[in-house]
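Peer 1: no letters, just coordinates:
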């Protein structure tokens, strides 16, 4: 039988079963020591007088019954089981004519000590090992009190094996406790990552739409007396943006409630644990439960062929984080395919967005596609809210096979057309973009242009395609 075949068999043996087998193996070994085996001139150990009589056999039978009873109790009542096994070791040693408890009679106790150290609290395992070592010392003390010889070396050997078995069990328990603490820590990190992701999505959703609402409201206030038609159009744009934002927030809350009900109050934690081995860290957009649809989201029928969106985006490694599976019924996440829609909604706020595509468009991993859209959306939102410009340029460069390059140029305020600012903002836009790019191991810069205005650039590395096996041609 190979090691791989033996491993499942050993896993099926319970601690009680292993203890019983150890006792029976010790009995067999004791018997073999006292008979002459083939190739031997005589037996290793001379059989005592008592073991050959009825009283010796009775004591061995009683010891076996005690050991088997202790094996049955080991899982439910480990303290009582250990007492039975120690009693079996003492009773089983009496008819052998030995000066100390032999190792063969103590093997079952060693397994019991290991099991107790693994499964029971520290104070209980400490008490068990002291009881085991105390039994060995007590056996020697009784013999000394009776004036009989003692086997000190044998007793030290048996005591050493008991201590080693207990230490191995303690180490195994500490390993399990560390693994459990790590699991709980990962669960807490998963919940924190989910909250950060929701906060980021809320910012991306609300900041863009509310910025447009504020500008349209200001324009409507200025022209409501002289040009009521334009004021009506501005109010209609406000209503549309508000409804889209409200619908996105409702979808987010509904998805969160669905995930919470499916996870019985622990949606983020339980889903994160079920997905362990994947990836999603703080700030990743791997479509966990609660993903909102934003105002720039396209319907499946509107998605161009160059952006092959997946309804289940998941972020690839880093390996020390978790992934969150997408809950049923969640809206699809936007990507670069939604830039035209974003340009339309921004144009309604008075800022023209020119989108330039350089190089042949290619399918992007969902996490990079989503992050690229979010970077452009936040940059354009900053132009709308904080710049006097009436136009900006978005450049999507696909020429580098190893990375996607994004550039958003704000050409600066148009003379005579300084816009009313919609407030100072939260200050989280640029740090949030820098964090998002950093999570993808990319490069991010933002600062004034030499000839005026502001420029945001990002370079997002793309995963290298896996090499095809020898003899396989791409479809």
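Peer 2: Everything's here; your move. Everything quoted here is computed from the prediction, not taken from an experiment.

Peer 1: I figured residue 238 was touching residue 215, is that so?
Peer 2: No. Using CB atoms under 8 Å as the test, residue 238 is too far from residue 215 to be in contact (9.5 Å). For the C-beta atoms, the positions are set from N, CA and C on the backbone; glycine is no exception.

Peer 1: those two: which is more packed in?
Peer 2: residue 215 (23 against 20; other CB atoms under 10 Å).

Peer 1: below-threshold pLDDT in the stretch 151-300 of the chain: ranges please.
Peer 2: 194-195, 197-209, 211, 247-248, 250-300 (pLDDT under 70).

Peer 1: what ranges do the helices span in it?
Peer 2: 152-223, 228-262, 267-274 (DSSP state H, counting those that start in this stretch).

Peer 1: beyond the last one, next helix or strand please.
Peer 2: This means helix 267-274. helix 339-347 (DSSP states H and E).

Peer 1: name the helices or strands packed onto that next one?
Peer 2: strand 352-358, helix 366-386, strand 391-397 (3 or more CB pairs under 8 Å, 6 or more residues apart in numbering; DSSP states H and E).

Peer 1: list the buried residues for stretch 85-98?
Peer 2: 85-96, 98 (16 or more other CB atoms under 10 Å).

Peer 1: over to stretch 178-189?
Peer 2: 186, 187, 189.

Peer 1: from residue 439, how far out is the first one?
Peer 2: The reference is to residue 186. Here residue 186 is placed at a distance of 17 Å from residue 439 (CB to CB, to the nearest Å).

Peer 1: one step back: could you dump the helices and strands packed on helix 339-347 to JSON lines with distance to residue 403, mean pLDDT and mean neighbour count?
Peer 2: What follows is the helices and strands packed on helix 339-347, written out as JSON lines (distance: least, CB to CB, whole Å; pLDDT from 0 to 100; neighbours: other CB atoms under 10 Å):
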{"stretch": "strand 352-358", "distance to residue 403": "13", "mean pLDDT": "92", "mean neighbour count": "14"}
{"stretch": "helix 366-386", "distance to residue 403": "10", "mean pLDDT": "85", "mean neighbour count": "24"}
{"stretch": "strand 391-397", "distance to residue 403": "9", "mean pLDDT": "92", "mean neighbour count": "19"}
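
Peer 1: dump the ones you listed to JSON lines, plus distance to residue 233.
Peer 2: Shown next, in JSON lines, are the helices and strands packed on helix 339-347 (distance: least, CB to CB, whole Å):
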{"stretch": "strand 352-358", "distance to residue 233": "17"}
{"stretch": "helix 366-386", "distance to residue 233": "17"}
{"stretch": "strand 391-397", "distance to residue 233": "20"}
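
Peer 1: nearest to residue 432, out of the ones you listed?
Peer 2: Checking the helices and strands packed on helix 339-347 against residue 432 by CB to CB gives helix 366-386 as the closest, at 6.9 Å.

Peer 1: which other helices and strands contact that closest one?
Peer 2: helix 152-223, helix 339-347, strand 391-397, strand 403-410, helix 429-439, strand 454-461.

Peer 1: those: which one's closest to residue 57?
Peer 2: That would be helix 152-223 among the helices and strands packed on helix 366-386, by CB to CB, at 23.3 Å.

Peer 1: circling back to that earlier point, of the buried residues of stretch 178-189, closest to residue 346?
Peer 2: So of those, ranked by how close each gets to residue 346 (CB to CB), first place is residue 189, at 36.0 Å.

Peer 1: distance check, the closest one against residue 369.
Peer 2: For residue 189 relative to residue 369 (CB to CB), the value is 25 Å.

Peer 1: could I get the buried residues of stretch 178-189 as TSV with distance to residue 373?
Peer 2: Compiled in TSV, those are given as follows (distance: CB to CB, whole Å):
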residue	distance to residue 373
186	29
187	30
189	26
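
Peer 1: wait, which of the residues you listed is closest to residue 76?
Peer 2: So of these, ranked by how close each gets to residue 76 (CB to CB), first place is residue 187, at 30.8 Å.

Peer 1: how long is stretch 97-104 end to end?
Peer 2: Counting by CA to CA, to the nearest Å, you get 14 Å between the two ends of stretch 97-104.

Peer 1: for that stretch, which positions count as buried?
Peer 2: Buried residues in stretch 97-104 (16+ other CB under 10 Å): 98, 99, 100, 101, 102, 103, 104.

Peer 1: stretch 126-144 too?
Peer 2: 128, 129, 131, 132, 133, 135, 136, 139, 140, 143.

Peer 1: how about the second one, nearest residue that isn't a chain neighbour?
Peer 2: Nearest residue to residue 129 in three dimensions, chain neighbours excluded: residue 166, at 4.4 Å (CB to CB, 6 or more residues apart in numbering).

Peer 1: for the first one, same thing?
Peer 2: Spatial nearest neighbour of residue 128, excluding adjacent residues (CB to CB, 6+ apart): residue 116 at 4.6 Å.

Peer 1: ditto for the last one
Peer 2: Distance criterion CB to CB, 6+ apart; nearest residue to residue 143, sequence neighbours excluded, is residue 150 at 4.9 Å.

Peer 1: repeat that for the fourth one.
Peer 2: Spatial nearest neighbour of residue 132, chain neighbours left out: residue 162 (4.9 Å); criterion: CB to CB, 6+ apart.

Peer 1: if I look at that neighbour, how far off is residue 442?
Peer 2: In terms of CB to CB, residue 162 sits 58 Å off from residue 442.

Peer 1: can you check residue 98 too?
Peer 2: For residue 98, the distance to residue 442 equals 74 Å [CB to CB].

Peer 1: cool, residue 86 as well?
Peer 2: In terms of CB to CB, residue 86 sits 65 Å off from residue 442.

Peer 1: repeat that for residue 82.
Peer 2: 60 Å.

Peer 1: the more surrounded of the two?
Peer 2: Legend: neighbour count by other CB under 10 Å for residue 82 and residue 442, higher for residue 82 (27 against 22).

Peer 1: got the contact list for that one?
Peer 2: 70, 109, 112, 113, 116, 128, 131, 132 (CB atoms under 8 Å, 6 or more residues apart in numbering).

Peer 1: next: residue 114.
Peer 2: Counting by CB under 8 Å, 6+ apart, residue 114 has contacts 165, 166, 168, 169, 172.

Peer 1: for it, which non-adjacent residue is closest in space?
Peer 2: Using CB to CB, 6+ apart, the closest residue to residue 114 is residue 169 (4.0 Å).

Peer 1: is it correct that the one you found is in contact with residue 124?
Peer 2: No. In this structure, residue 169 is not within contact of residue 124 by CB under 8 Å, at 11.6 Å.

Peer 1: which residues are in contact with both of those two?
Peer 2: Counting by CB under 8 Å, 6+ apart, the residues touching both residue 169 and residue 124 are residue 116.

Peer 1: more neighbours: which of the two?
Peer 2: Regarding residue 169 and residue 124, a neighbour count based on other CB under 10 Å identifies residue 169 as having more, with 24 against 14.

Peer 1: contacting residues around the more buried one?
Peer 2: Per CB under 8 Å, 6+ apart, neighbours of residue 169: 113, 114, 115, 116, 117, 118, 125.

Peer 1: which of these fall in helices?
Peer 2: 113, 114, 115, 116, 117, 118, 125 (DSSP state H).

Peer 1: looking at these, which one is closest to residue 449?
Peer 2: residue 118 (65.8 Å).

Peer 1: mind listing what the closest one touches?
Peer 2: Taking CB under 8 Å, 6+ apart as the contact definition, residue 118 lies against 169, 172, 173, 176.
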